[in-house]
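Novice: Sharing a model prediction with you, sequence too.
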Amino acid sequence: ALRAQGQWSEALASLRRTLEIWPHDVRSLIDAADTMRALGQARESVALYQRALQIDARAVEAQNNLGNAFLELGQPADAVGCYRLALEIRADDGVAHCNLGTALRQLGRLQEALSSTQQAITLDPGLSVAHHNLGLVFEALGQREQAVAGYRQALALKPDYVEALDNLARVLPEVGELHEAVSLCHRAIELDPQRAESHRYLANVLFELRRFDAAAASYRRALALQPRDALAHASLGAALRMQGDAAAAEASCRAALAIDPNSVAALSLLGELRADRGHFSEAEASFQRAIAIDPSFCFAFYSLATNRKMTIDDTAWLEGTEALLAKPLPLGHEISLRYALGKYFDDVKQYDEAFSHYRQANELTKRYGVHYDRAGLVERVDRAIDGFDAAAIRRHQSHGHTSERPVFIVGMLRSGTSLTEQILASHPAVFGAGELPFWQSAYAAYEAAGLEGHDGGALIPGMARDYLDHLTALSDGAQRVIDKMPLNFMSVGLICAAFPKARIIHVRRHPIDTCLSIYFQYLSHLHPYANDLGNLAHYYGEYLRVTNHWRAVLPATMLLEITYEALIEDQELWTRRMLDFLGLPWDPHCLDFHETDRTVITLSKWQVRQKIHASSAGRWRSYEKYVAPLRHLVELTTQQ
């Protein structure tokens, strides 16, 4: 009764009194040993199970539970022996077969583990733990779809099976099912709010969804429950880095390394933080150390390739990457390595091989199942054009803020926005804030208000105040603060309504170079247009349509257009024009932008630390045979 009520200490004391009177009572010995394990005393329980077996060698429960104790002690080889003895006594014991499968899996004997676990299910189809363990075996074998099926069946039999919820939530992102994973994590947390793993898995999925604030909050909850989780510290650091808080990110990284000096996640993050500051030699040392500790850590291979130019001398990197791809990998890991190999072969000018890997990476990314809605984008552009004509912008501006601090650099991804920001942020009166997501959220709120029949314009004064507060928090003293979120090209009308004196710099680049560069990057799967050249061409066409509208309705005092090609051909001329546009005096530091010490976390962070060069202009000609879906964009751009 005491055990049933969870009063384990009292139960153990009672059983010990019983054993003083009847020291050879097998039932009491087993119960006492089980109770010890419930109290975390697995090592002490072993002696009691062994005493029970000395008295009754056919006590199958004692044999099985002794195996469980060995598993808890991290001794799976000893556990295998116990389970085999239990099965000699009772060959049709599904639980013993299931436990044997667990021990074999921990020993890496996966085919034997699969056989034992499947035998357990044959004997007892309703044994939920066996289906869960089958999922674990399939996952270890790299068969993630089958793993998902195993976890789902475990939950069908036992809906409140928290471990199965966690493991299903952990593996679903690897097959592209992110949103269901979020729901499963929430269910697990509802069942057991004190389970740190559930909070960490939720944070991982939120990070994948680029919801960095929410991810950081979940990592912090996980760490409150399990403060010495080095991986959670490193993961929190990664989220903080994406929020732009480099100092806090490094502190989390250091916390992880204090707990586990060999944490490859922390070492890789440390490398990224060094690269963000332009310290590429230090970054490479961190990536190489991570690879030396764990040659299977895919993201260190990816980071090393993307933070410097690769050469034919990088044979160890190439062999390591290809060896990893020869094994079953989670979806995100395989994608990252395919992009990295594309980058390697592009750097060494083996363009057909490069394009093959880039194409494979993009096809794999489509497995995330995020659909590019062409009609939906056309409708959004229509609404932007109709809702922000010249008259509407002027009308809204009467409620806007007169601050001249905000500067916006917009354009397609990979069009030269990072280079433009780096040049301007080298001016002492300018702070480069990087890519701020503010206006994407603000524009969504504005659109939602309109679709619900409300006046979205009423939101504009509050948006302007909130945005200025955000800029002040980032840089209190700078005369101009740059927001270089490229995709703000969709929100230009709203931005100009909120800030009538804002300056917008629109950076353009050759359309095929732009689209190919996007296709060659490991972007978030939240950019579904990026993985298909036909979709990229459509997206680019809509970008042209909306930016042509802004050109037609905005005064020259608000909009300056530059081209990437002109900027790299005559940097000083175009830098002077941009500074004049911003109302700032000339400063020669802008010519030495590659030496400016600031954090850059965009995909172009290596390129913007190099002197101006023209190697990226006309890059598409090396891939001319592959770009047929993009060719019409050249004529379209010329016409417009």
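Specialist: Yep, it's here.
Novice: Okay, helices next: where are they in the stretch 201-350 of the chain?
Specialist: 212-225, 230-242, 246-259, 264-276, 280-293, 298-306, 315-325, 331-347 (DSSP state H, counting those that start in this stretch).
Novice: Find the residue at the geometric middle of the chain.
Specialist: Nearest to the geometric centre of the chain sits Glu208, at 3.5 Å (Cα atoms, centre = their mean).
Novice: Tell me the buried residues in the longest helix along the chain?
Specialist: Ranked by residue count and defined by DSSP state H, the top helix of the chain is helix 533-553. Neighbour-count burial for helix 533-553, counted by 16 or more other Cβ atoms under 10 Å, picks out 533, 535-547, 549-550, 553. Every C-beta, even on glycine, is put in place using the N, C-alpha and C of the backbone.
Novice: That helix: what's the following helix or strand?
Specialist: Downstream of helix 533-553, the next assigned helix or strand under DSSP states H and E is strand 559-563.
Novice: What residues of the helix or strand just after that next one count as buried?
Specialist: Next helix or strand after strand 559-563 toward the C-terminus (DSSP H and E): helix 564-569. Of all the residues in helix 564-569, those buried under the rule 16+ other Cβ under 10 Å are 564-565, 567-568.
Novice: so the next helix or strand after helix 564-569 versus strand 559-563, what angle?
Specialist: Using DSSP H and E, the helix or strand that follows helix 564-569 in sequence is helix 571-582. For helix 571-582 against strand 559-563, the angle by axes from the mean of the first three to the mean of the last three Cα atoms, to 10 degrees is 170 degrees.
Novice: Which elements pack onto helix 571-582?
Specialist: helix 417-425, strand 503-508, strand 559-563 (3 or more Cβ pairs under 8 Å, 6 or more residues apart in numbering; DSSP states H and E).
Novice: Tell me which residues are up against the second one.
Specialist: Yep, that's strand 503-508 we're talking about. Strand 503-508 is contacted from outside by 404, 406-412, 415-417, 420, 480, 489, 492, 495-496, 547, 550-551, 554, 558-564, 567, 578, 581-582, using Cβ atoms under 8 Å, 6 or more residues apart in numbering.
Novice: and the residue located most distally from the centre of the chain, how far is that from Ser45?
Specialist: In the chain, Ile21 marks the outermost C-alpha relative to the chain mean, sitting 60.2 Å out by Cα atoms, centre = their mean. Counting by Cβ to Cβ, to the nearest Å, the gap from Ile21 to Ser45 is 21 Å.
Novice: now do Arg367
Specialist: From Arg367 to Ser45 the distance is 46 Å (Cβ to Cβ).
Novice: Neighbour count for the two, which is higher?
Specialist: The neighbour count for Arg367 versus Ser45, taken as other Cβ atoms under 10 Å, is higher for Ser45 (26 against 15).
Novice: Could you verify my assumption that that one touches Ala69?
Specialist: Yes - between Ser45 and Ala69 there is a contact under Cβ atoms under 8 Å: 5.0 Å.
Novice: and for the two, which residues touch both?
Specialist: Joint contacts of Ser45 and Ala69 (Cβ under 8 Å, 6+ apart) are 33, 37.
Novice: Buried among the contacts of strand 503-508? Need that as a selection in PyMOL.
Specialist: Paste this into PyMOL to select the buried members of the contacts of strand 503-508, with burial taken from 16+ other Cβ under 10 Å:
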select buried, resi 406+407+408+409+410+411+412+415+416+417+420+480+489+492+495+496+547+550+554+558+559+560+562+563+564+567+578+581+582
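Novice: What residues does Arg58 make contact with?
Specialist: Counting by Cβ under 8 Å, 6+ apart, Arg58 touches Ile89.
Novice: average pLDDT across stretch 429-441?
Specialist: For stretch 429-441, mean pLDDT is 92.
Novice: switch to numbering from 16
Specialist: Got it, the first residue is 16 from now on, which makes the last one we talked about stretch 444-456.
Novice: Could you give the number of residues near Gly123?
Specialist: 10.
Novice: So it versus Gly116, what's the distance?
Specialist: Taking Cβ to Cβ, one finds Gly123 at 13 Å from Gly116.
Novice: Could you pull out the residues contacting both of these two?
Specialist: With Cβ under 8 Å, 6+ apart as the test, Gly123 and Gly116 reach no residue in common.
Novice: and Pro443, which of the three is it?
Specialist: coil (DSSP: H, G, I helix; E, B strand; the rest coil).
Novice: Can you give me the neighbour number for it?
Specialist: Pro443 has 13 nearby residues by other Cβ under 10 Å.
Novice: List the residues that contact it.
Specialist: Counting by Cβ under 8 Å, 6+ apart, Pro443 has contacts 602, 604.
Novice: tally of neighbours for Asp139?
Specialist: Other residues near Asp139 come to 17 when the count uses other Cβ under 10 Å.
Novice: and it, what does it touch?
Specialist: Taking Cβ under 8 Å, 6+ apart, one finds 109-110, 145 in contact with Asp139.
Novice: same check, this time on Ile400
Specialist: 560-561, 564.
Novice: And Gly402, by the same measure?
Specialist: Residues in contact with Gly402, defined by Cβ under 8 Å, 6+ apart, are 465, 508.
Novice: Phi and psi next, for it.
Specialist: Gly402 adopts backbone torsions of phi -80, psi -20, taken as degrees, to the nearest 10.
Novice: Remind me what the longest helix of the chain packs against, helices and strands.
Specialist: Using 3+ Cβ pairs under 8 Å, 6+ apart: helix 548-568 touches helix 389-402, helix 507-513, strand 518-523, helix 526-534, strand 574-578, helix 647-654.
Novice: so where's the stretch 416-565 of the chain uncertain?
Specialist: For the stretch 416-565 of the chain, applying pLDDT under 70 flags no range at all.
Novice: follow-up on the earlier one: list the residues that contact the residue nearest to the centre of the chain.
Specialist: Contacts of Glu223 by Cβ under 8 Å, 6+ apart are 188, 193, 347.
Novice: how much does the longest helix of the chain deviate in direction from helix 526-534?
Specialist: Using the same axes, to 10 degrees: helix 548-568 against helix 526-534 is 120 degrees.
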